[in-house]
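**Q** Any chance you can model this:
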Amino acid sequence: MMATRGLSTRATTLIAVKWATVILWVVVSGLSLAALLAPTPPDLVTLHGLTIALIALTVSSWLLVAFSLAMVFSAAAGLLSLWMLSASHGAPLLWTDVLALVVLNGLAGMRQHRLQRRMHRLKQQVNDVSEGVSLHAQELRQAQQSHEALTYKLARYQRLHAVAEQLVRLVELETIAQLAVEQAFALIGKSEACLLLLADKPRPTGGYHQALALRASKRGEGLSPIQMKLGDQFDHYVVRTQRPLLVNDVRRDFRFTASAATDRPISSVIACPITIGETVEGVLRLDSVRPQAYTQDDLRFLDILLDLLNTALANARLFAQTQQLAITDGLTDLYRRQPFLEQLAREVARASRSRESLAVMMLDIDHFKRYNDTYGHSAGDLILKAVASLMRKTIPPDGICARYGGEEFAIVLPKASKAVGTEIADRLRQSVEAHVRPMGNGQRDAVTVSVGVATFPEDAQSDLELIRRSDQRLYHAKRSGRNQVCST
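**A** Coordinates of the predicted model:
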């Protein structure tokens with residue numbers, strides 16, 4: 001601050017000296033002109049003094065005022081000196097003064113000219129340096145921007161690598177879906193919501209149509225929960241075209257209707273299809289209320305994430321199918337014996353804790369060996385599949401059905417009393433008799449079943465005892481003439 005104040009004081013002093021020099025030069029010039037115009041010619045001493053003053057002020061002007069003004073002062077001083085020389089009739093002293101005026105002004109003018117040329121070169125050099133500095137600063141800014149962009153891309157790729165490592169370890173569909181939306185939301189940013197929708201099975205409605213159901217979602221902080229449960233116009237467009245989608249402004253995109261019903265305002269959308277094998281089975285999508293929110297770079301990273309997700313979903317589906325094959329019978333699609341017994345143990349424990357009843361049925365196809373011997377094993381397989389299908393239609397949704405072995409089936413009915421279990425068993429028996437034939441509905445020979453029913457806690461207190469008691473009643477039904485239900 002003190003240095004700034006000193007510079008300001010020096011500048012003020014210099015301006016004052018300049019103005020003082022100009023004023024003195026005007027005063028001396030005026031006095032010289034007045035002396036020359038006076039009726040009485042001035043003496044030699046006066047003229048010599050005025051000339052010396054003009055020389056001093058004119059030479060000083062070269063250092064203090066602008067070059068053009070100093071030239072004007074020099075020319076005027078020269079004219080006044082010549083006039084004084086003429087008024088003194090060529091006095092040697094004034095000749096000396098005029099010569100000194102010419103020499104000193106010439107030297108001062110030349111020096112000032114050289115200074116101006118040097119200053120001009122310095123200004124050019126300063127301008128060149130400033131321009132170079134500006135160019136270097138611009139290059140530095142561009143380099144910084146490139147570095148920031150590369151750093152941002154590197155961070156995205158590192159996140160993608162971390163996501164890939166996580167997805168490799170996951171085999172559950174719901175966990176994979178939730179991880180995908182969370183990572184996409186963080187990876188792309190700029191979004192109010194991220195949605196993952198998967199396709200249901202095709203609907204036979206005169207044309208092929210896939211209904212998209214929301215499986216996982218992520219929304220920004222402070223936003224209301226996402227109400228949409230099915231896909232909208234953007235999701236169906238991606239499924240139909242099987243290509244990624246980037247919408248910068250819904251209102252300006254002729255492919256979509258900005259006024260389409262939605263649970264929240266949307267301006268920008270990016271979405272990619274979820275492809276398993278050759279089939280599009282879903283959509284991963286982000287949307288924002290701001291127009292121009294996303295770039296092609298965002299869409300490219302989302303597409304890379306989808307490649308990882310597609311592989312993970314295919315692995316999850318394969319794992320689920322393998323797991324399903326391990327616990328279900330390949331012919332009837334019902335539980336195998338061991339998984340059924342494990343489920344039964346859990347249901348008995350739950351019923352014991354909640355003090356609820358539970359019914360167990362053992363069902364056997366009557367004269368099944370005769371059907372195999374008469375019509376062949378293929379017909380026997382068709383009978384098993386038909387009975388299993390009727391079981392799934394007749395048993396309540398919370399019921400558990402299994403192929404217990406050969407032509408024998410087992411059923412668990414949670415929370416069912418003996419009366420309810422017996423009623424459902426008899427309904428199933430009647431349905432089999434009415435609809436199952438060895439070689440189709442054209443045959444008169446009806447397939448029948450016998451059923452044994454036992455309940456917890458009335459008939460048994462453990463899972464194995466329930467199986468044993470219901471099996472005993474099954475064979476009692478067979479001995480009593482078959483095609484009947486025995487519960488006592």
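**Q** mind listing the helices for this protein?
**A** Listed in chain order, the helices of the chain (DSSP state H) span residues 2-37, 44-64, 67-87, 92-168, 173-188, 233-241, 296-327, 337-354, 368-375, 377-394, 418-435, 463-479.
**Q** from memory L390 sits against H435, does it?
**A** Yes: with contacts counted by Cβ atoms under 8 Å, L390 reaches H435, the gap being 6.5 Å. C-beta here means a position set from N, CA and C on the backbone, and glycine is covered the same way.
**Q** Show me which of these two is the more surrounded one.
**A** For the pair L390 and H435, the greater number of neighbours falls to L390 (19 against 15), based on other Cβ atoms under 10 Å.
**Q** returning to what we had before: would you turn the helices of the chain into a markdown table with mean pLDDT and distance to V280?
**A** As requested, the helices of the chain are exported to a markdown table (pLDDT from 0 to 100; distance: least, Cβ to Cβ, whole Å):
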| stretch | mean pLDDT | distance to V280 |
| --- | --- | --- |
| helix 2-37 | 70 | 71 |
| helix 44-64 | 72 | 86 |
| helix 67-87 | 72 | 82 |
| helix 92-168 | 76 | 19 |
| helix 173-188 | 84 | 16 |
| helix 233-241 | 88 | 5 |
| helix 296-327 | 81 | 10 |
| helix 337-354 | 92 | 33 |
| helix 368-375 | 88 | 43 |
| helix 377-394 | 92 | 30 |
| helix 418-435 | 94 | 38 |
| helix 463-479 | 94 | 45 |
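**Q** With P457 as the reference, name the closest of these.
**A** Evaluated over the helices of the chain, closeness to P457 peaks at helix 337-354, with 7.6 Å, by Cβ to Cβ.
**Q** Quick check: buried residues in the closest one?
**A** P339, F340, L341, Q343, L344, E347, V348, A351 (16 or more other Cβ atoms under 10 Å).
**Q** Quick one: residues contacting the third one.
**A** Going back to what we said before, that points to L341. Going by Cβ atoms under 8 Å, 6 or more residues apart in numbering, L341 touches D463, I467.
**Q** Need the mean per-residue confidence for stretch 252-260.
**A** For stretch 252-260, mean pLDDT rounds to 75.
**Q** still on that earlier bit, could the helices of the chain go into JSON lines alongside distance to L196?
**A** Converted to JSON lines, those look like this (distance: least, Cβ to Cβ, whole Å):
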{"stretch": "helix 2-37", "distance to L196": "64"}
{"stretch": "helix 44-64", "distance to L196": "81"}
{"stretch": "helix 67-87", "distance to L196": "79"}
{"stretch": "helix 92-168", "distance to L196": "13"}
{"stretch": "helix 173-188", "distance to L196": "5"}
{"stretch": "helix 233-241", "distance to L196": "10"}
{"stretch": "helix 296-327", "distance to L196": "8"}
{"stretch": "helix 337-354", "distance to L196": "30"}
{"stretch": "helix 368-375", "distance to L196": "47"}
{"stretch": "helix 377-394", "distance to L196": "30"}
{"stretch": "helix 418-435", "distance to L196": "39"}
{"stretch": "helix 463-479", "distance to L196": "39"}
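**Q** Contact partners for the residue nearest in space to the middle of the chain?
**A** By Cα atoms, centre = their mean, the chain has its centre lying nearest to I188, at 1.9 Å. Neighbouring residues of I188 by Cβ under 8 Å, 6+ apart: C194, I270, L286, Y294, D298, F301, L302.
**Q** Present the residues you listed as a markdown table; the columns should include neighbour count.
**A** What follows is the contacts of I188, written out as a markdown table (neighbours: other Cβ atoms under 10 Å):
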| residue | neighbour count |
| --- | --- |
| C194 | 25 |
| I270 | 28 |
| L286 | 27 |
| Y294 | 22 |
| D298 | 20 |
| F301 | 20 |
| L302 | 23 |
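**Q** Nearest to R252 among those?
**A** Y294 (14.5 Å).
**Q** Excluding covalently adjacent residues, which one is nearest to the closest one?
**A** I270 (4.6 Å; Cβ to Cβ, 6 or more residues apart in numbering).
**Q** right, and the helices of the chain - which one's nearest G220?
**A** Closest among the helices of the chain, using Cβ to Cβ: helix 173-188, at 8.3 Å.
**Q** Could you list the buried residues of that closest one?
**A** So for helix 173-188, counting by 16+ other Cβ under 10 Å, buried means 173, 175-181, 183-185, 187-188.
**Q** Would you format the residues you listed as JSON lines with distance to I424 included?
**A** Formatted as JSON lines, the buried residues of helix 173-188 follow (distance: Cβ to Cβ, whole Å):
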{"residue": "L173", "distance to I424": "32"}
{"residue": "T175", "distance to I424": "36"}
{"residue": "I176", "distance to I424": "38"}
{"residue": "A177", "distance to I424": "36"}
{"residue": "Q178", "distance to I424": "38"}
{"residue": "L179", "distance to I424": "42"}
{"residue": "A180", "distance to I424": "42"}
{"residue": "V181", "distance to I424": "42"}
{"residue": "Q183", "distance to I424": "47"}
{"residue": "A184", "distance to I424": "47"}
{"residue": "F185", "distance to I424": "47"}
{"residue": "L187", "distance to I424": "52"}
{"residue": "I188", "distance to I424": "52"}
